[in-house]
Every structure is written in structure tokens, then in C-alpha cells.
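In: okay, sequence plus prediction incoming.
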Amino acid sequence: GHVHLADYRAPAWRIPQADLQFELDPVATVVAARLCLSPDPAQPGQPLELDGEGLELLDITLDGQELPPDRYDYDGHRLVVRGLSGDCELATRVRIHPADNTRLEGLYRSGDLLLTQCEAQGFRRITFMADRPDVMPRWRIVLRADRDAFPVLLANGNPLASQDLGDGRHEASWENPHPTPAYLFAIAAGPLERVSQRLRTAEGREVEINVWAEPGDVARCHYALGAVERALRWDEQRFGRCYDLDVFNVVAAQDFTMGAMENKGLNIFNARYILADEATATDADFLAIESVVAHEYLHNWSGNRVTLRDWFQLSLKEGLTVFRDTEFSSDLHSRALKRIEVVRLLRGRQFAEDAGALAHPVRPARYKEISNFYTLTIYEKGAEIVRVLHALVGEDAFRAGMDRYFADNDGKAATLEDFMAAHAAASGRDLSGFARWYAQAGTPEVAISADFDPATGDYTLTIEQHTPPTPGQPDKQPLVIPLRYVLFDGDGAAVTQLPESDAVVRDGLVELTGARHVLRWRGLHSAPLPAFNQGFGAPVKLRFDQGVDELARLARLERDSFNRWDLLQRLATEALLARPHAEAATGALSDALADLLSDADADPAFVAECLVLPDFDTLAEQVEEVDVQGIVARREELLDRLAEDQVERLQLRYEALAADAREGLSGKAMSARALRNACLAWLTRLDPDAALAQAQFDAGGTMTERIAALRCLVHFQAPGADAALARFRDAHAADPLVTDKWVALVATRPHPDALDDVQALVASPWWKPANPNRVRALVGSFARLNPLAFHRRDGAGYRLVTGQVAVLDAVNPQVAARLLGAFESWHRWAEPQRGQARAALEPLAGQLASPDSRDLLERLLA
Ligand code: ARG
Ligand code: ZN
């Protein structure tokens, strides 16, 4: 059944203190737990209910006395203890089996390490606990293990003591003094090595930062260590938040279901978001590492010090922390490039989620399996809603609201209402209308129509908003939408006159609150040229039928990089969706790209972004019925045409940037590599021998350059592609993170036959279905990034994915469920794909055991 937001009840029992002792062993670990229990005075006489999933209960005592069997029941999921009255202490011992744990939730083995992943509900697989975020003990943790096999023993908080136990075993004790819910519990044990740095926080605390990895990997941890320090300093400066323990430990794990986890004082990461050097990681990998390291670090305040009342509030920590990590990256690097990255993700993936079978509000009203709600909507749309709030109140009031939120809720389990109340108090603004963003699913559509009366000079804009129905939410209300705008007059200057309107309008910002608003400017000399939703300040779909001439003029007038990029994307979309003026749009786009490629002052990385057309998902999202092959073909055609137009400029830039590209990890070098690789892709498409790509591949250089060259060879089916693939694979055979790149290239070759290569890999010794990174590299990238093969007309692509879902469901339910997300838009696929998708999905119903995949399948087929 469902869990409902409206059914929330405060816990009947509080747990102020939890003491755990682990006898660590991969085959059988024994966990002894002592929980101090205290009844909520408002709910006396309630039985104690603790979560415990599949635990082998060895003994149970209450206040030191063995508990008779008639006082408790354990059904494998829940422990109920009756007849408790006042404060008391419950002690249990349980046995668990880390080496058999392929779900990677709770305590599990990864290579020679023992690790935990508890969010959202993994702790209950370790020992009995009220496994809900509003129960927040202070913790003492003792780890005991064989010294040779597990020389390093880490847990949350500060190290207390360690000692040798004689018999080849040793122990380490840890104390986490901050009230912390069980989902933030963590331990890590094994032959770990570290890179380390000490610093003093702005409050004067001496902190040791350690990044740990298995011995062969530790040399690639330095960049992540630097990223921790940058994040720590940035949170001090931008949000006034300091670190609050004596150590900050980060561990890299080769087996990890998600990206990373913000456990208190002991972040555990998927190794792909820690390990990096120039020979094995691309520039994009470096930036992603910095951003994920910052994300987890920043959770220490937005998530840990202030945690969640219940899982419905998930976006309170995730949306807010994505907002914070995005600001971090924007402050450190290019704000425009970061915005482009985020907007591509929103338009390509989050909009599709919000329009598909799995659409849900940023705060869902109910769920069956919370693991299925770690979505782009909770994370990315959640972050955009924080950005909307920021736009409404402004930077100063926003910072004051954040200070107030942290101060009022420190050490507590908060709700989105607490967040909005703090911002309402600090800004003096009524946020009751704004709150609707959290409750309502679907992407709002904002339609604008313009009218100019040459006789009076009156210029009228009518703005209407509408949010389409989503599953379970047929009717939608208007939202509070801050739209940035500018009107350019005939000389290209901004019109400063404020319009008459029933909406609030101030310095280039109109706040939509109703379904329809009219804006009227009086006595203009000529029809102005309007630009709306600048900076993509509101996560909406804008419907404003501006002609190609207008878009092209705007692209020339616009000084802001993001807005220029956005205008070129609009021109490309006109061309790609074969709208009436497609030919004119193509010409205008080509002219604009020619200007950009000739502009030595433009940031090369920005020019590279302008060469990347809207992707398949973004285009598919904008049509009623998705003709997969048609969209891909038109995109290829446009790319061919644009590449032909630009060939000389592409060659020039490719050569001219060669020297800059050799300057290591500097921003300048990364930027040069980005544009060189974009040029290389366009030049390779024109040259069947792919001589340039072959030369770049042979020259070696950075991973950024090698993998880009290899992608060109493989994707354009160059004569040297197979030899280059084999060379790359053999050179990196020992490093699974790099072979994943190779596999992803094979799986995304834009040809229906790529399916055969994927099937061959699934049958090869390389395939390790228990490792989430392997699954994502092969099946995940096939399903999400290879439209021609995944959407094969014969349905073989769909069957390959559903077949893997059925197998993986028994291994790692979260990984299996995530693959099903590739079908979220299947209702809109044109035939024969729609029928093929249904035929692949329907038989799955009888093959799935986990609630994760079953929940998604039900929603997909509803
Ligand atoms: N809180 C982690 C992060 O965003 C993600 C944990 C995901 N866990 C899960 N079971 N889906 O940084
Ligand atoms: Zn997070």
C-alpha cells in the first residue's frame, strides 16, 4: 500500500542515544545495539515499534533483563515490544551477512571493503531502529575486526580511541555528538589509504580532511581533496556555515548504487565521483567530481544539521543542496556554462519526467517505494523552485531567510513549511501562493502574444499560463512565476518604461500569479523586440511565436551568454521540428555560428556549447507524437548542413586552439579542448576517413582528447574504429571506470546494430551485473542515449532492457527500477514503438519481486 503525507504522526518513542558495537566480518557480522528509549509525553502507552529487515535476532534485553518471548514480536520487518512505560534501555544482538548483500543497502562488501549505504531505509538491514528521519539519536560506534583484513575502521563523527585486542583483532571507537537520523549512519572498513589535509575553519576549529580509497587508487584522490576544501570555504563565505567535527572523511567505493552519500562526517562516494587524473578522467569528469563532492559536503548543513521530518520532504534537502552546489560551481567557474548544463538537463530529462507516466510533485502526497523518488523532479526541479524563491525575494533577503532557516531548525527535523516560514519572515513576503510549486506536478506552459498599435504606439502583451494534467492531478492552479524580460527599442536599447499591468512588474521582472495577465506600454515609437524568461529564471515552457528575424536580431543584441545560447537553441529547434520557417531558421543559425566561430573574444567553451544542438530528448519532449527515426534523421541532416557551412572556420579554430589545449587543467585549457572536440566532431562527419580524429586519438594527450577522438571514430564508423576501440580497451583493461567509458561508446553508437554489440558485451566476462557502474555504462547508456538502437522498430531494444530489468531486480532492485525510467514517455511514442513497448513491459509484471520495480511498472502501465 501507499504511505501518505497526510498520515504523518510524530514518533511515540524518542531515541536520544544509540550505542552500536560491530564484530565485522564479510560472511557474518554481529551487531550489538543499545537504544535509550523515551516515550513522547503526548502519546503515552504506545508499544515500541522498530524497523528491522531480515535480521537474525540473537538476543534481546530490556534494562539488562532478558525479554521474555511474549513481550515482543518480530515478523522479519518490524519488531514490536509491549508493556514499556517510562525511559528504558533496549539491547539487541543481531547477525547479518554483508558478502551476500547484492542490493548494496545496509552493510555490504565492495572488493576488500565493508561499507554502508543507509538512505533512505537501509539502516534497518543493519540492526533494529526507528528508521525514520525524525528520530535523531547521538551515537557511539565501536568497530572490531581482523587487523590485517581491516586495518582502517571508520564511522560517523570524531574518533575516540582505538586499541589492539590481542587475537589479531583491533577496535576503533567513534562518537557522533550531533543528533543524527539513522539514514546518515555510516561505517567503512578495510585496507584503505588516504590523502589528507588539515585546516582551520572560520570559527577556529582544527579539521582534518581525509579522502580514502583502496591502495591502487589513492594517487587519484588529490583533486577530490582540493574540492572538499573549496566547498568548505565557499559555504563559510557564501552562507556563513562552518564545519562542525574534528574530521571529515570521504571514502571512494567501486560498488555504489547512486552517486554519493552525505553521511555525517563520513561521506561515501561512488569511485567515479572521486578518482581522477588527466590520463583517466575527462574535463567533464573533473567538473562532475567537484560538483558532487561539494553537493555532499554542503548537505552537512542542508540535510544533516537540519534534517527531514519525513521522506515527503526529500526535496527540502535535495533541491536546496542542488541549488547550493550549483551556486558553488557558478561562483567558481562560468555561471553561464553551468546554467547551460542545468537547463539542458531540465529540458531534456526533467520536463520529460514531468510530462510522462512517472510525473510527481516535488513534494509527493503519497508513495509506495521512496527509493523511486530520487528523481530529477525532486532534485533538479526542486532546485529550480529554490531559484524561483531567490528571484522573488532577491539575494539579500534570500541569505537572511537561509540564516533564519538554519538558526530556527538546527538539530531538528524540518518540513518545507519550516523553510518557507523562515523565508517569509526574513523577506516579509507572503509565500502561500509560492507553496503550490511543491504540490503540483507538471511543467507550466506560458504562452505570450503581442500586439502593437502603430496609431497610438500602444504595445500589449497577453501572458497566459497553463499546467497540463499529470497522473492523479487532472486540474491545476496557476503558479507564482517570476519572468525576467527586456524590450529592445529600434536602436537596440532597453525600454525603461514600466508597463501598466495587474501583475507586479519591477525592474525587468514580471510576477505572474493568475492564469492571464496583460502588460501594456504606451506611446512607443515602434514595435519593440521582446525577450522573455531570460536566464531561464522559471522552469516553464515558453510559447512565444517569434519569427526567425526577431530571434536572429535578438541573438545579435543579447550580451548575456546564456541568453544568446538559448536563442540559438530556439533557432535550432525551429529548424529541427520542421516548422514553417525551418529553412530561414537554419540560415540564421548558420550565420550566428559563423559569427561565433570567428569571434576570438568569445569563451571557446561557450562557442562549443552553441555547436551542440538540442538533444533527442529535448526535441521529443516538444512534439505530440514521437517519430524517433524522423527526429534523429532531421537532426543529422541539420548537423551535416551546418558543418558544411562552417568547415573552414572549424579547421581554423581546431588548429589555433592546439597550444592552449595543452595547458593542463586550467580553465583556459579545458575551454580550448571543449571547442576543439566540438570542431572535431563536425569535421569528422564531413570526412569519411576521419583522418583528423584518428590523428588526435593516436597523439595520446589527455583522456578528454582521446575519448572525444574515439567517439568520433566509433560514431561515424571510421575505418580505424575497431582497431582504436581495441587499443583503448587493452590500454585500460585494469581500470573499470575507464572501461566503462569504452563500453558506453559502444552502447551509444548511433545505429540500430549497436544492439548486437550490447548483447555481445552482456555475454562477455566484462559484464558484472552486481556492479551498478557496469550496468549504467552498458544498459543505462543504451536505453537513455541511443535512440536508434533502443527504439528499434522490431522492439528488440525494449526487450533487451526489460530482460535486464527482470534479471537485475533480484540482484539490486534500485538499479533495476532505474532502468525502467527509460520507458516514462512510452505513451507518446509513435507506432510501431508504442505497441512494442507495451509488449515488452506487460510480461514483466509476472517477473518482478521487488517493490521498487513493481511500483514503477504499475505506474508505467496505469
Ligand atoms: N542523499 C544522496 C545524495 O543526494 C543520495 C542518496 C540516494 N539514495 C537512494 N536510496 N536513492 O547525495
Ligand atoms: Zn543530495
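Out: Looks like it arrived, so ask away. These figures come from a predicted structure and were not determined experimentally. Numbers count the residues shown, from 1 in each chain. Ligands and ions are numbered 1, 2, ... in the order given.
In: which one of the residues in the stretch 51-200 of the chain is closest to ligand 1?
Out: Nearest to ligand 1, among the residues of the stretch 51-200 of the chain, is residue 119, at 4.5 Å (CB to the nearest ligand atom). Heads up, the C-betas are built off the backbone N, CA and C, glycines and all.
In: would residue 269 count as being in a strand?
Out: Yes. Counting by DSSP: H, G, I helix; E, B strand; the rest coil, one finds residue 269 located in a strand.
In: give me the residue from the stretch 551-700 of the chain nearest ligand 2.
Out: Ligand 2 sits closest to residue 617 of the stretch 551-700 of the chain, with a gap of 22.9 Å, by CB to the ion.
In: whoops, the stretch 701-850 of the chain was the one
Out: Nearest residue of the stretch 701-850 of the chain to ligand 2: residue 814, at 15.2 Å (CB to the ion).
In: ok, that residue touching residue 102?
Out: No. Residue 814 is not in contact with residue 102 according to CB atoms under 8 Å; the separation is 11.1 Å.
In: tell me which of these two has more neighbours.
Out: More crowded of residue 814 and residue 102, by other CB atoms under 10 Å: residue 814, with 21 against 18.
In: so what's the more buried one up against?
Out: By CB atoms under 8 Å, 6 or more residues apart in numbering, residue 814 lies in contact with 103-105, 257-258, 371, 852.
In: now swap in residue 195 and tell me
Out: Contacts of residue 195 were listed using CB under 8 Å, 6+ apart, and they are 210-211, 218, 221-222, 225.
In: repeat that for 6 Å
Out: Residue 195 sits next to 211, 221-222, 225 when contact means CB atoms under 6 Å, 6 or more residues apart in numbering.
In: next one: it, what pLDDT does it get?
Out: pLDDT recorded at residue 195 is 98.
In: where's it relative to residue 217, distance?
Out: According to CB to CB, to the nearest Å, residue 195 and residue 217 sit 11 Å apart.
In: swap in residue 265?
Out: From residue 265 over to residue 217 the distance is 21 Å, taken as CB to CB.
In: more crowded one of these two?
Out: A side-by-side neighbour count of residue 265 and residue 217, using other CB under 10 Å, places residue 265 first with 27 against 18.
In: hang on, isn't that one packed against residue 156?
Out: Yes. Using CB atoms under 6 Å, residue 265 is in contact with residue 156, at 5.1 Å.
In: give the contact list for the spatially closest residue to residue 106 that is not a sequence neighbour.
Out: In space, and not counting its chain neighbours, residue 106 is closest to residue 125: 2.9 Å by CB to CB, 6 or more residues apart in numbering. By CB under 6 Å, 6+ apart, the residues touching residue 125 are 53, 105-106.
In: count the neighbours of the closest residue to ligand 1 within the chain for me.
Out: The chain approaches ligand 1 most closely through residue 374 (3.7 Å), counting by CB to the nearest ligand atom. Using other CB under 10 Å, residue 374 has 18 other residues around it.
In: phi, psi of it?
Out: phi -90, psi 70 (degrees, to the nearest 10).
In: wait, is residue 781 part of a helix?
Out: Yes. Residue 781: assigned to a helix according to three-state DSSP.
In: quick check, it in contact with residue 746.
Out: No. The pair residue 781 / residue 746 is not scored as a contact, 9.2 Å apart, by CB under 6 Å.
In: what's the spacing between the residue at the greatest distance from the centre of the chain and residue 195?
Out: In the chain, the residue that sits farthest from the middle, by CA atoms, centre = their mean, is residue 455; the gap is 52.3 Å. The spacing between residue 455 and residue 195, counted by CB to CB, is 73 Å.
In: likewise residue 476?
Out: For residue 476, the distance to residue 195 under the criterion CB to CB works out to 51 Å.
In: elements contacting the helix ranked longest in the chain?
Out: The longest helix of the chain (DSSP state H) is helix 628-656. If you count contacts as 3 or more CB pairs under 6 Å, 6 or more residues apart in numbering; DSSP states H and E, helix 628-656 packs onto helix 561-576, helix 582-598, helix 667-686, helix 787-790.
In: tell me the angle it makes with helix 561-576.
Out: Comparing the axes of helix 628-656 and helix 561-576 via axes from the mean of the first three to the mean of the last three CA atoms, to 10 degrees yields an angle of 130 degrees.
In: tell me the gap between helix 628-656 and the middle of its chain.
Out: In terms of CA atoms, centre = their mean, to the nearest Å, the centre of helix 628-656 is set 30 Å apart from its chain centre.
In: and for stretch 221-230?
Out: The answer for stretch 221-230 is 20 Å, by CA atoms, centre = their mean.
In: list of residues touching that stretch?
Out: The contact list for stretch 221-230, computed with CB under 6 Å, 6+ apart, reads 195, 197, 209, 211, 213, 274, 276, 289-290, 293, 297.
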